[in-house]
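J.: Fold the following, please.
(one chain, ligands or ions: 1)
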Amino acid sequence: MAPPAAPALPGAIVWVRRSAEYRALSRQAYTLAAAHLRDTVPTLGDATWGVILDADETVLDNSEYERRRALLDSAYTEASWAEWVNEAAAPAVPGAVTFTRTVHALGGRVVIVTNRADVLCGPTRANLDRLGVDPDLVLCQRPGEGDKNPRFRRVQEGTASPDLPALTVVEWLGDNIQDFPGLTQAMRGDAAAYAPFGHAFFVIPNPMYGSWQRNEKP
Ligand SMILES: [Mg+2]
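T.: Alright, predicted model coming up:
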């Protein structure tokens, strides 16, 4: 008897893994963010400045993990996720590596604020290093601190690490609305709340998962 056919991959995973459009959108976001930086940096004077990026689906492409889980007809589990992170094998999201190099070339700092657990921070740094991303600081999630806003503030106040002074954060990049200061899915209908996008906030497309999954139907 033939083995049962593997489940078909959801369209969102196929789109990220195979489409030209996903690559174009990611590159478009990073190109706009870099262009905006080139305009902004000359206005900053002597300020020590930086950018804050999320990790998963912003710098690190975990669609291979999503593919493996989908083929098992299974969703995220903590154990399978830890196994994937420990491989340190996620490829880069298109445009991300060049962008972080541009930030450094312009004299800025690169901070990654991720909700990967603190115990997974080592392999996360190893994965970034393998891709040629050299962040000045990676802030993983301490138990009970899923909200990124306190970490954003510590970066701005200079208390996030003894090795990093207070930063004027000029841009945030993420795939989840909660990667941006003060924002949640509750902003959906508020047109004014989108004003910083394309200026200080830049979104990377992620149709595979996110805080949007908990939204009620319109
Ligand atoms: Mg993410």
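
J.: Output the strand of greatest length in the chain as CSV, nothing but the C-alphas.
T.: When the chain is scanned for its longest strand (criterion: DSSP state E), the result is strand 109-117. What follows is strand 109-117, C-alpha atoms only, in CSV (Å, rounded to 0.1, in the frame of the first residue of the first chain):
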residue,chain,number,x,y,z
ARG,A,109,23.9,50.5,15.7
VAL,A,110,21.9,47.4,14.9
VAL,A,111,19.8,46.0,17.7
ILE,A,112,17.7,42.9,17.4
VAL,A,113,14.7,42.6,19.8
THR,A,114,13.2,39.1,19.4
ASN,A,115,10.7,37.0,21.3
ARG,A,116,12.9,34.0,20.9
ALA,A,117,13.5,32.7,24.5
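
J.: Check residue 2 and give its pLDDT.
T.: On pLDDT, residue 2 comes in at 73.

J.: and it, which of the three is it?
T.: coil (DSSP: H, G, I helix; E, B strand; the rest coil).

J.: residue boundaries of the helices in the protein?
T.: 11-18, 20-40, 63-71, 78-87, 96-105, 121-131, 149-157 (DSSP state H).

J.: orientation of the last one relative to strand 109-117 in degrees?
T.: If I follow you right, that is helix 149-157. Taking axes from the mean of the first three to the mean of the last three Cα atoms, to 10 degrees, one finds helix 149-157 and strand 109-117 inclined to each other by 160 degrees.

J.: For the residue nearest to residue 84 when sequence neighbours are not counted, give me its contacts.
T.: Among residues not flanking residue 84 along the chain, residue 65 sits closest, at 4.3 Å (Cβ to Cβ, 6 or more residues apart in numbering). C-betas here are computed from N, CA, C, even on glycine. The contact partners of residue 65, taken as Cβ atoms under 8 Å, 6 or more residues apart in numbering, are 80-81, 84, 90.

J.: where does this protein come near the ion, residue by residue?
T.: Residues of the chain found near the ion, taking Cβ under 5 Å from the ion as the criterion, are 54, 56-57, 175.

J.: could these go into CSV alongside neighbour count and distance to residue 128?
T.: As requested, these are exported to CSV (neighbours: other Cβ atoms under 10 Å; distance: Cβ to Cβ, whole Å):
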residue, neighbour count, distance to residue 128
54, 24, 12
56, 23, 12
57, 25, 14
175, 22, 16
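
J.: Cool, thanks, signing off.
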